[in-house]
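Engineer: let's see this in three dimensions:
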Amino acid sequence: QVQLQESGPGLVKSAQTLFLTCSVSGGSLTTNYFYWNWIRQPPGKGLEWIGRISYSGSTYYSPSLKSRMSIAWDTSKNQFTLQLRSVIPEDTAVYYCARTGWGPGYWGQGTQVTVAP
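Structural biologist: Numbers count the residues shown, from 1 in each chain. Sure thing, here's the model as predicted:
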């Protein structure tokens, strides 16, 4: 059973950098044909896909956030991370990590991030 767990600060101030970690168990980041995603849901809005890192380590980001974000991984810890720079209050959301690709998808439970003005 694949499990994902997000962790990070619940509150950050505007202009700071948000750093989130997704810890994965029950599956390896480098297993072929899986993609490891970050997704967020602002209050009262729908889901927004942010970006992903693939089983080969390649990354792909949402065009709207590309200039402010980075996704990386630590395969020794089976974790992948999201760095979002120069945050603004509009970045307030529940942030999810998720696995997609071949077979069923798996999601973490999400972590609330609030950006204070």
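Engineer: list the contacts for Cys22?
Structural biologist: 4-7, 36, 38, 79-82, 97, 108 (Cβ atoms under 8 Å, 6 or more residues apart in numbering). In this view, the C-beta of every residue, glycine as well, is placed from N, C-alpha and C.
Engineer: secondary structure element for the spatially most central residue of the chain?
Structural biologist: Nearest to the mean C-alpha position of the chain, by Cα atoms, centre = their mean, lies Trp38 at 2.9 Å. Using DSSP states H and E, Trp38 maps to strand 34-41.
Engineer: parallel or antiparallel, list what pairs with that strand.
Structural biologist: strand 48-54 (antiparallel), strand 93-101 (antiparallel) (DSSP bridges).
Engineer: check which helices and strands the next helix or strand after the first one is in contact with.
Structural biologist: Sequence-wise, the next helix or strand beyond strand 48-54 is strand 59-61, with elements assigned using DSSP H and E. When contacts are defined as 3 or more Cβ pairs under 8 Å, 6 or more residues apart in numbering; DSSP states H and E, strand 59-61 packs onto strand 48-54, strand 69-74.
Engineer: does Lys77 touch Ser25 like I think?
Structural biologist: No. The pair Lys77 / Ser25 is not scored as a contact, 10.9 Å apart, by Cβ atoms under 8 Å.
Engineer: got JSON lines for the strands paired with strand 34-41, with mean pLDDT, mean neighbour count and distance to Gln112 too?
Structural biologist: Written out in JSON lines, the entries for the strands paired with strand 34-41 read as follows (pLDDT from 0 to 100; neighbours: other Cβ atoms under 10 Å; distance: least, Cβ to Cβ, whole Å):
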{"stretch": "strand 48-54", "mean pLDDT": "97", "mean neighbour count": "19", "distance to Gln112": "15"}
{"stretch": "strand 93-101", "mean pLDDT": "97", "mean neighbour count": "21", "distance to Gln112": "5"}
